[in-house]
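Colleague: What would the 3D arrangement of this be:
(one chain, ligands or ions: 2)
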Amino acid sequence: MPVHEVHFIASNTSLNALPKDGKPEYAFIGRSNVGKSSLINMICNRTSLAKTSSTPGKTKLINHFLVDNNWYLVDLPGYGYARLPKTVKEKIQQMIHSYISKREQLVCLFVLIDSRLEPQHSDLEFINWLGAKAIPFVLVFTKSDKLSKNELGRNTSRFSKSMLEDWEDIPQIFITSSVKHTGRDEILAFIEVTNKKFKIN
Ligand code: GTP
Ligand code: MG
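Modeller: Ligands and ions are numbered 1, 2, ... in the order given. As a prediction, the model looks like this:
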């Protein structure tokens, strides 16, 4: 599916202030610095639509980007960022949790996992929370350009194995690199199919 036009709509902290047009949205979540904002830019073929940084904790708000006037990409702050004051961190966590559990037009959450790392407790714990809340999600392994094919295969199967300790199935998996534009077509094809289920174009 091609992407023609993307508009930044708003950055919010409060659920009440989010767009009310009912268009389906796809939100990106994962540990700080995993590459959420970079992936949104890559999908939109833009360099600095969503703000990125090599320092974890860049995104602190709920950011809505409207694609072709039909659906939203939502850039969220990361979880597990340790260097912010505890109160700020708790507020951000609360905001993310309330967005994910209450936002009706959130049709699928993209959970980003750093493909270079061993399975992380914070990721598995977050995924289990999604399970408990019955939130639909898919997995996205990021920064695949930093690994060989073998390393990538080993790390993704390790992650699946860890997940299978608590889950019966593994959700759909995407392998991405925002540097090499890997995985863009696959993610857009998934969104296109999902939009159709929601009767959008
Ligand atoms: P927070 O907003 O802080 O939670 O981070 P984020 O998950 O939005 O990460 P962001 O997109 O800001 O990227 C973090 C760092 O990783 C930046 O320095 C990016 O350039 C780098 N990065 C992101 N994606 C990739 C990728 O696919 N490959 C490589 N090599 N670097 C990446
Ligand atoms: Mg970000």
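Colleague: Buried residues in the helix or strand of the chain with the lowest mean pLDDT, which are they?
Modeller: The helix or strand of the chain with the poorest confidence is helix 86-102; it has a mean of 93 (mean pLDDT, DSSP states H and E). Residues 89, 92, 95-96, 99-100 are the ones in helix 86-102 that count as buried (16 or more other CB atoms under 10 Å). To be clear about C-beta, it is placed using only N, CA and C from the backbone, and glycine gets the same treatment.
Colleague: what helices or strands is that helix leaning on?
Modeller: strand 25-30, strand 106-114, helix 121-133 (3 or more CB pairs under 8 Å, 6 or more residues apart in numbering; DSSP states H and E).
Colleague: nearest to Met163, of the ones you listed?
Modeller: Among those, the nearest to Met163 by CB to CB is helix 121-133 (6.7 Å).
Colleague: And the average pLDDT for that closest one is what?
Modeller: Helix 121-133 shows a mean pLDDT of 96.
Colleague: Then stretch 56-63?
Modeller: 87.
Colleague: List the buried residues for that stretch?
Modeller: Buried residues in stretch 56-63 (16+ other CB under 10 Å): 56-60, 62-63.
Colleague: overlap between those and the residues near ligand 2?
Modeller: 58-59 (CB under 5 Å from the ion).
Colleague: So which of the buried residues of stretch 56-63 sit within strands?
Modeller: 62-63 (DSSP state E).
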